[in-house]
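Q: this one's structure only:
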Ligand code: SAM
């Protein structure tokens with residue numbers, strides 16, 4: 001399992017390149033994409049396409065090569081294989097047969113972002129990509145809401161705003177977040193702060209919405225500023241909204257929870 005750069009080609013380890021150059025075969029998630037990386041480093045080895053969903057046939061072919069004593073290197077488009085990338089089914093099958101699997105460690109957006117987030121790193125939960133559809137995404141955020149460890153998401157530019165808005169709706173506007181954008185690349189940028197400010201930062205500059213993102217959320221315990229009342233207020237608004245106009249519903253919910261009317265109203269607008 002060979003890690004490849006997540007942006008900056010200088011991050012490719014000598015060992016990673018040596019192992020690829022010496023492999024009998026390189027299995028890649030996308031042979032065209034990886035072909036360019038290998039060409040850049042002058043590595044010319046037989047390249048096969050492999051994805052966990054590419055079926056038994058492709059996996060069996062690689063396993064047979066391994067049984068025959070060949071060395072097979074697996075790479076993904078970027079970063080560490082198996083981290084939101086193909087490889088799990090192959091490694092599982094190889095292990096079940098007693099075939100040795102070695103890691104050639106290197107970049108991963110997960111560890112790169114976490115290491116500079118300023119959020120607790122002693123315990124963390126990697127939650128990968130949230131579901132694309134809003135209902136599924138919100139359900140997953142609800143499940144993560146009370147997690148006390150730091151938790152980490154991957155997100156694409158298409159959904160970053162919707163995702164942050166849903167995080168605010170469920171976690172409240174004060175939960176701490178660290179956004180790592182375009183790590184190791186020319187336009188790398190970072191946002192540390194409260195969720196509400198993160199949404200404003202994303203909206204403030206169209207460039208902030210481009211590229212690849214890692215989102216790191218403070219766990220519940222390590223977020224003393226978090227206001228538990230906003231999600232409660234939003235639940236009240238949702239109940240009242242059938243019978244009352246939104247401003248009135250927000251006003252009543254604000255009175256019940258002791259929050260400012262504006263804060264409840266703005267959060268309610270974002271979530272409806
Ligand atoms: N296996 C990769 C790794 O080890 O990080 C992750 C592959 S996953 C398909 C791609 C996602 O990883 C992107 O949508 C983004 O969330 C994150 N990612 C990858 N490269 C990144 C970068 N340079 N900066 C920020 N996030 C990145």
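A: Alright, I've got the coordinates. What you are looking at is a predicted structure, and each value in this text was computed from that prediction instead of being measured.

Q: Indicate the residue of this protein located nearest to the ligand.
A: residue 79 (2.5 Å; CB to the nearest ligand atom). All C-beta atoms are positioned from the backbone trio N, CA, C, and that covers glycine.

Q: That residue bridge partners, please.
A: Beta-bridge partners recorded for residue 79 (DSSP bridges): residue 4.

Q: That one and residue 111 touch, don't they?
A: No - counting by CB atoms under 8 Å, residue 79 does not reach residue 111; the two are 9.4 Å apart.

Q: Of those two, which one has the most company?
A: residue 79 (24 against 18; other CB atoms under 10 Å).

Q: Test for you: state the pLDDT assigned to that one.
A: Residue 79 carries a pLDDT score of 98 in this model.

Q: give the contact list for it.
A: 3, 4, 5, 6, 85, 106, 107, 108, 109, 110 (CB atoms under 8 Å, 6 or more residues apart in numbering).

Q: cutoff 10 Å now
A: Residues counted as contacts of residue 79 (CB atoms under 10 Å, 6 or more residues apart in numbering) are 3-7, 11, 85, 106-112, 183.

Q: What of residue 25?
A: Applying CB under 10 Å, 6+ apart, the residues contacting residue 25 are 45-48, 50, 61-62, 65-66, 70-74.

Q: Give me the subset of the residues you listed that lies in helices.
A: 61, 62, 65, 66 (DSSP state H).

Q: ok, which stretches of the stretch 151-272 of the chain are helices?
A: Along the stretch 151-272 of the chain, counting by DSSP state H, counting those that start in this stretch, helices occupy 160-171, 195-204, 229-240, 246-257, 261-271.

Q: any idea of the angle the third one forms with helix 261-271?
A: The one in question is helix 229-240. Interaxial angle, helix 229-240 versus helix 261-271 (axes from the mean of the first three to the mean of the last three CA atoms, to 10 degrees): 70 degrees.

Q: Which residues does helix 229-240 contact?
A: Outside helix 229-240, the residues touching it (CB under 10 Å, 6+ apart) are 142, 145, 168-175, 196, 227, 244, 246, 248-261, 263-265, 267-272.

Q: cool, the shortest one as well?
A: With contact meaning CB under 10 Å, 6+ apart, helix 195-204 is reached by 160-161, 163-165, 167-179, 181, 189, 191-194, 208-209, 213, 215, 217-218, 226, 230, 263, 266-267, 270.

Q: contacting residues around residue 205?
A: Per CB under 10 Å, 6+ apart, neighbours of residue 205: residue 189.

Q: And residue 270, by the same measure?
A: By CB under 10 Å, 6+ apart, the neighbours of residue 270 are 164, 165, 166, 168, 169, 173, 196, 199, 234.

Q: count of neighbours near the nearest residue to the first one once chain neighbours are set aside?
A: Just to be clear, that refers to residue 164. Nearest non-adjacent residue to residue 164, counting by CB to CB, 6 or more residues apart in numbering: residue 199, 5.0 Å away. Close neighbours of residue 199, defined as other CB under 10 Å, add up to 19.

Q: With residue 178 instead?
A: Residue 178: 22 neighbours (other CB under 10 Å).

Q: Next: residue 210.
A: 13.

Q: Cross-check the contact I'm expecting between it and residue 182.
A: Yes - if you go by CB atoms under 10 Å, residue 210 and residue 182 touch, sitting 7.9 Å apart.

Q: Alright, I will stop here.
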